[in-house]
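Participant: this is a predicted model, with the sequence first.
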Amino acid sequence: MRVLIADSFEESGRQGLASAGCDVVYRPGLKDEALAREVESARPDVLVVRSTKVTEAILSAGPLKLIVRAGAGYNTIDVAAASSRGIYVSNCPGKNSAAVAELAFGLILALDRRIAENVGALREGRWNKKEYSQARGLEGRTLGLIGLGQIGREMIPRARGFGMQVVAWSRNAKPGVECKASPVEVAAAADIVSVHLALNADTRALIGSEFFEAMRPGAYFINTSRAEVVDSEALARAVRDKGIRAGLDVFAKEPAGGTGEFADEIVKAGLVYGTHHIGASTDQAQEAIAAETVRIIRTFQETGKVPNVVNLAKATPAVCAMVVRHLDRPGVLASVLDRISAAHINVQEMENIVFEGAQAAVARIHLETDPGSELLEAVRSANADILEVGLIRLR
């Protein structure tokens, strides 16, 4: 199996893939047309990326079977185009959760103790203990979490370690934490809000004017998830008009590569701290992601199954399942499928379960339309090794 890696990737991961018998092509930094040309020439089975965008042109350039996002999200991949081509898309959820939570708390502490200003003053030869002794402190404060995925959940024990109260909003309520009915209610209840949302159609610009209007004057706002979940203009107004202090690891105007010019005006506000989209960038997280990427590819190579796949249909148009109990002999399932095809009925899914001893099996074939009694009888009588044919209604 040939694997093309188009972003920086740990040496341990490359060695793990080679040990699994993969032909590894390591081309970090390939993007757009250059990546499409490499896919066309190298003809990989698997493409591994981190922040690189995977477009339809790249997907159509070669015989790709699997895209692995070596990270938690997958919004940089054209999942719809991959699905239309039968290409699996997988990712590595949870492997960088602790790293992102650590950075979020680093930003909280930095805002509260004004660490950047302290360092800047010292480097300029100025001592101002009176000014920088003023801090609110975290103990007894309320941390509001927007999103309780794996990163959001990592925030909870860290907050409690600082003696903080925790409130949260999540589409899926989690035990052990007070949940509010909406993000706005969290904003109103918290001294510090930290956002941990995946980017999708429902979360894009979810954090907007109403949210910031509900926040307490001078509260802290942390975003280490995706810039697009926040209305950047509404945040800028909140910083300017309400004294909201922001700690941001993600920005609306990030450079496309690892280095470049940065022109997002929000960081020029004195109340905003920023880091360079480094939430997942610890040695521990990257090693864990590399190991998970190897596991995904090795499992696919050995079994044909894909762990963490994100683009399988949650439901198909199938209305019923034909259940065929049969002897495990050559040609049995071919005869069944021939009859179904002749009736112009589409098969949505199927599986064939073999019993111990490999003498008999049961096939379950999900059909898009009802086969009717005549087709059931035709299937049953098509082969002497078919023992029984039944039907299960799915809807």
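Facilitator: Yep, that arrived. Residues are numbered from 1 along each chain as shown.
Participant: alpha carbons only for contacts and neighbour counts from here, please
Facilitator: Noted.
Participant: any stretches of the stretch 251-395 of the chain with poor pLDDT?
Facilitator: 257 (pLDDT under 70).
Participant: for residue 375, helix, strand, or coil?
Facilitator: Under the three-state scheme (DSSP: H, G, I helix; E, B strand; the rest coil), residue 375 adopts helix.
Participant: how close does it sit to residue 295?
Facilitator: Taking CA to CA, to the nearest Å as the measure, residue 375 falls 43 Å from residue 295.
Participant: one more: residue 136?
Facilitator: Counting by CA to CA - residue 136 and residue 295 are separated by 45 Å.
Participant: of these two, who's got more company?
Facilitator: residue 295 (18 against 10; other CA atoms under 10 Å).
Participant: just how off-centre is the host helix or strand of the more buried one within its chain?
Facilitator: Element membership for residue 295, per DSSP states H and E: helix 283-303. Its chain's average C-alpha position is 15 Å from that of helix 283-303, according to CA atoms, centre = their mean, to the nearest Å.
Participant: and if you look at stretch 89-98?
Facilitator: Averaging C-alpha positions (CA atoms, centre = their mean) puts stretch 89-98 6 Å from its chain's average.
Participant: repeat that for stretch 357-374.
Facilitator: Between the centre of stretch 357-374 and the centre of its chain there are 35 Å (CA atoms, centre = their mean).
Participant: do the same with stretch 41-50
Facilitator: For stretch 41-50, the distance to the chain centre is 19 Å (CA atoms, centre = their mean).
Participant: and that stretch, what's buried?
Facilitator: 43, 44, 45, 46, 47, 48, 49, 50 (16 or more other CA atoms under 10 Å).
Participant: what ranges does this structure have for its helices?
Facilitator: For the chain, helices defined by DSSP state H occupy the ranges 11-19, 32-42, 56-59, 79-84, 97-113, 115-123, 129-132, 150-161, 183-189, 209-214, 232-242, 283-303, 332-342, 372-380.
Participant: can you tell me what sits against the longest one?
Facilitator: Residues from elsewhere that reach helix 283-303, judged by CA atoms under 8 Å, 6 or more residues apart in numbering: 1, 9-10, 12-13, 16-17, 20, 46, 68, 70-71, 90-92, 95-96, 98-99, 280, 305-308.
Participant: just the buried residues of those.
Facilitator: Here, 16+ other CA under 10 Å leaves 9-10, 13, 16-17, 20, 46, 68, 70-71, 90-92, 95-96, 98-99, 280, 306-307 buried among the contacts of helix 283-303.
Participant: just these: which are in strands?
Facilitator: If you go by DSSP state E, these have 46, 68, 90, 91 in strands.
Participant: switch these over to TSV; also include pLDDT and distance to residue 325.
Facilitator: Shown next, in TSV, are these (pLDDT from 0 to 100; distance: CA to CA, whole Å):
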residue	pLDDT	distance to residue 325
46	98	37
68	98	38
90	98	34
91	96	37
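Participant: include distance to residue 336 when you put the residues you listed into TSV, please.
Facilitator: Formatted as TSV, those follow (distance: CA to CA, whole Å):
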residue	distance to residue 336
46	34
68	36
90	33
91	37
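Participant: closest one of those residues to residue 232?
Facilitator: residue 91 (27.5 Å; CA to CA).
Participant: surely that closest one meets residue 79?
Facilitator: No: the criterion here is CA atoms under 8 Å, and residue 91 misses it with residue 79 at 11.8 Å.
Participant: just the buried residues of stretch 130-141, please?
Facilitator: For stretch 130-141, burial by neighbour count (16+ other CA under 10 Å) applies to 138, 141.
Participant: how far off centre is it?
Facilitator: Between the centre of stretch 130-141 and the centre of its chain there are 36 Å (CA atoms, centre = their mean).
Participant: for stretch 29-47, same thing?
Facilitator: How far stretch 29-47 lies from its chain's middle: 22 Å, per CA atoms, centre = their mean.
Participant: what's the end-to-end length of that stretch?
Facilitator: Taking CA to CA, the first and last residues of stretch 29-47 lie 13 Å apart.
Participant: not counting residues beside it along the chain, what's closest to residue 6?
Facilitator: residue 28 (4.5 Å; CA to CA, 6 or more residues apart in numbering).
Participant: residues in contact with residue 1?
Facilitator: Counting by CA under 8 Å, 6+ apart, residue 1 touches 21, 22, 23, 44, 45, 46, 301.
Participant: how about 10 Å then?
Facilitator: Neighbouring residues of residue 1 by CA atoms under 10 Å, 6 or more residues apart in numbering: 17, 20-24, 44-46, 297-298, 300-301.
Participant: residue 161 too?
Facilitator: Applying CA under 10 Å, 6+ apart, the residues contacting residue 161 are 139, 155.
Participant: how near is it to residue 154?
Facilitator: Residue 161 sits 12 Å away from residue 154, going by CA to CA.
Participant: next: residue 377.
Facilitator: Between residue 377 and residue 154 the distance is 57 Å, computed by CA to CA.
Participant: how much space separates the residue nearest to residue 347 when sequence neighbours are not counted from residue 337?
Facilitator: Closest residue in space to residue 347, ignoring its immediate chain neighbours: residue 367 at 4.8 Å, by CA to CA, 6+ apart. Going from residue 367 to residue 337 by CA to CA gives 11 Å.
Participant: can you pick out the residue with more neighbours from those two?
Facilitator: Remark: of residue 367 and residue 337, residue 367 carries more neighbours, 22 against 17, as counted by other CA under 10 Å.
Participant: how is the chain divided into domains?
Facilitator: For the chain, automatic domain parsing gives the domain ranges 2-95+284-303, 97-279, 320-393.
Participant: would JSON lines of these with distance to residue 314 be doable?
Facilitator: JSON lines is the format used below for the domains of the chain (distance: least, CA to CA, whole Å):
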{"stretch": "domain 2-95+284-303", "distance to residue 314": "13"}
{"stretch": "domain 97-279", "distance to residue 314": "17"}
{"stretch": "domain 320-393", "distance to residue 314": "12"}
